[in-house]
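>>> coords please:
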Amino acid sequence: MTVDTISSSATRALVLDAIGPEQGFGLRAIQERLFARMFSGLVYAQIWEDPDVDMAAMELQPDHHVVTIASGGCNALSYLTAGPAKVTAVDLNRAHVALVRLKMAGAKNLPNWESFYRFFGEADDTQNVDLYERFLASQIDAETRKYWEGRTIWGKKRIAGFGKNIYRRGLLGKFIGAGHLAARFYGLNLKDFLDCHDLGEQRAYFNEHISPLFENKLVKRVTKSPVALFGLGIPPAQYDALSEGRNMGDVLFERLQRLTCDYPLSENYFAWQAFGRSYAPDASGPLPPYLQERNFHRLRENMKNLSVSQANMTHVLAQAPAKSVDRVVLLDAQDWMTNEQLNGLWCAITEAAKPGARVIFRTAGTETILPNRLADDVLSRWTYLDKMSRDLHARDRSSIYGGFHVYELKP
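Numbering: from 1, shown residues only. So this is what the prediction gives:
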């Protein structure tokens, strides 16, 4: 399936199929339908997987074919800076596909890095709408143009979001905004965190200002609700995996502590997005690889190697020629899956993968989810790279996941 043939209503159907919906009208079934509806629009203007960690795990070579879940495209475009022969990006969400295609058009058609960064990095300048009309509208397919020139419930064209900070839009952007608003209710301006100069000041800020929030009764109550965390793109099944039987407030406390205390602000653009709702002003701070000025010409040259479509990952891999794929990036999608879906996916991966191919993914919980769920005759063909997985998880600046995992197909 491609973006040219799928509507937003079909997005909900694809998402419901992917999360293995409960039947009937029980609480879980209602939660899953609600999540599918919320997930059918833009969720991630910026993804929350660290592409530098991905590329370290994949060790990309010039002849490699990468198949990845697209999300907001930060990963797929960043992989191009390493020069693989082909990147195939797929996503269930029509809005994400439209965003990736717009980024592709921007890299190919905007005049220079400055205009590309203003559009997709700052994403908060009314000139961007003019840039869209002058350089991009005629260069994108009809369905993508229909999406960006379509109107929100407020009557504004979606493309106008790039004139008023696209990073505050989408499900995640609004969730982060709600967190800022809640903190202000308790007298805390989270943007003050960006004034920290080193890890010592960051840790002091966390201990003095953020840690006490988790003792609040309302915060404890909110974090117990799966629906409250839909804004993080977490469906009910992944909520269960994230909590691992523990108090969800404790889990979120640990993940936020890692984000604020383990990586200096000078190196962590995820923290800038969480606390500033943007990247550092004037590209003065850390950026994902695809937005870095030093990578722009390579990104533009390699854009021909990227394709994106709205589809189910399992279906795409099942249709791929045998031994045609070198790397597969699953993000955290497996946390959504039933055992039947998981086995279907890995059967398709195993058939499409070359010997020595690698699969990388993240989990809400700490451990790899494949043992005791994947059929032995499939799992036995793969080697789990335990040390690499643990080492790279420690380097993952997004801090939201409990585990990062690397599997390699045996010769």
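>>> what about the spatially closest residue to Asn295 that is not a sequence neighbour, how many neighbours?
Leaving aside its sequence neighbours, Asn295 sits nearest to Thr81 (CB to CB, 6 or more residues apart in numbering; 4.4 Å). Heads up, the C-betas are built off the backbone N, CA and C, glycines and all. Look at Thr81: counted by other CB atoms under 10 Å, it has 20 neighbours.
>>> show me the contacts for Thr81.
By CB atoms under 8 Å, 6 or more residues apart in numbering, Thr81 lies in contact with Pro289, Tyr290, Gln292, Asn295, Arg298, Leu299, Asn302.
>>> In the chain, which residue is most central in space?
With distances taken as CA atoms, centre = their mean, the residue of the chain nearest its centroid is Ile47 (3.0 Å).
>>> What's the separation between that residue and Ile153?
Remark: distance between Ile47 and Ile153 (CB to CB, to the nearest Å) = 25 Å.
>>> What values do phi and psi take at the nearest residue to Asn216 once chain neighbours are set aside?
Of all residues not flanking Asn216 in the chain, Tyr186 sits nearest, at 7.1 Å (CB to CB, 6+ apart). Main-chain torsions, Tyr186, degrees, to the nearest 10: phi -100, psi 20.
>>> Count the neighbours of Tyr186 for me.
Tyr186: 12 neighbours (other CB under 10 Å).
>>> wait, doesn't it sit right on Leu213?
Yes - at 6.4 Å, Tyr186 counts as touching Leu213 under the criterion of CB atoms under 8 Å.
>>> Regarding the residue nearest to Asn295, what are the backbone dihedral angles?
phi -70, psi -20.
>>> what does the one 3 residues further on give?
Note on Pro84: its backbone torsions stand at phi -70, psi 160 [degrees, to the nearest 10].
>>> let's number from 55 now, not from 1
OK, 55 is where the count begins now, so the last one is Pro138.
>>> Spatially nearest residue to it (excluding sequence neighbours)?
His118 (4.2 Å).
>>> what sits against that neighbour?
The neighbours of His118, taking CB under 8 Å, 6+ apart as the test, are Met112, Pro138, Ala139, Lys140, Asp380, Arg381.
>>> which one of those is nearest Ser453?
Comparing these against Ser453 with CB to CB places Met112 closest, at 20.6 Å.
>>> Touching, that closest one and Gly410? I think so.
No - taking contacts as CB under 8 Å, Met112 lies outside contact range of Gly410: 11.7 Å.
>>> ok, Arg155 - contacts?
For Arg155, the contact set (CB under 8 Å, 6+ apart) comprises Val57, Ile194, Asp195, Thr198, Val362.
>>> distance of it from Val370?
For Arg155 relative to Val370 (CB to CB), the value is 17 Å.
>>> Neighbour count: Met112 and Gly410, which is higher?
The neighbour count for Met112 versus Gly410, taken as other CB under 10 Å, is higher for Met112 (24 against 10).
>>> what number of residues lie near the closest residue to the more buried one other than its chain neighbours?
The shortest distance from Met112 to any non-neighbouring residue, by CB to CB, 6+ apart, is to Arg381 (4.7 Å). Counted with other CB under 10 Å, the neighbours of Arg381 add up to 25.
>>> Which pLDDT value goes with Arg381?
pLDDT, Arg381: 98.
>>> does it sit in a helix, a strand or a coil?
strand (DSSP: H, G, I helix; E, B strand; the rest coil).
>>> Next, Leu385: secondary structure please.
With three-state DSSP as the basis, Leu385 sits in coil.
>>> For Asn322, give me phi and psi.
phi -120, psi 100.
>>> Distance check, it against Arg354.
26 Å.
>>> More neighbours: the two, which one.
Ranked by neighbour count (other CB under 10 Å), Asn322 and Arg354 place Asn322 first, with 21 against 18.
>>> re the thing from before, tell me who's in contact with the residue lying closest to the residue nearest to the centre of the chain once chain neighbours are set aside.
Nearest in space to Ile101, with sequence neighbours left out and distances taken as CB to CB, 6+ apart, is Ser125 at 4.2 Å. Contacts of Ser125 were listed using CB under 8 Å, 6+ apart, and they are Val97, Tyr98, Ile101, Glu103, Asp145, His150, Leu385.
>>> so what's the third one up against?
Right, Ile101. Shown in contact with Ile101 (CB under 8 Å, 6+ apart): Ser125, Gly126, Gly127, Cys128, Asn129, Leu385.
>>> how does it look with 7 Å?
Counting by CB atoms under 7 Å, 6 or more residues apart in numbering, Ile101 makes contact with Ser125, Gly126, Cys128, Asn129.
>>> now do the fifth one
Shown here is Asp145, whose contacts under the criterion CB under 7 Å, 6+ apart are Ile123, Ala124, Ser125, Val151, Gln364.
>>> Inside strands: which ones of the residues you listed?
Ile123, Gln364 (DSSP state E).
>>> Which single one of the contacts of Asp145 is nearest to Gln327?
Ser125 (14.0 Å).
>>> mind listing the strands in the chain by residue range?
119-123, 140-145, 360-364, 379-383, 407-417, 436-438, 457-463.
>>> In CSV, list those strands along with distance to Ile213.
Formatted as CSV, those follow (distance: least, CB to CB, whole Å):
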stretch, distance to Ile213
strand 119-123, 24
strand 140-145, 19
strand 360-364, 18
strand 379-383, 28
strand 407-417, 31
strand 436-438, 43
strand 457-463, 35
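>>> Compare those strands and give me the one nearest Lys211.
Evaluated with CB to CB, the strands of the chain place strand 360-364 nearest to Lys211, the distance being 21.0 Å.
>>> helices or strands up against that closest one?
In terms of contacts (3 or more CB pairs under 7 Å, 6 or more residues apart in numbering; DSSP states H and E), strand 360-364 is packed against strand 140-145, helix 148-163.
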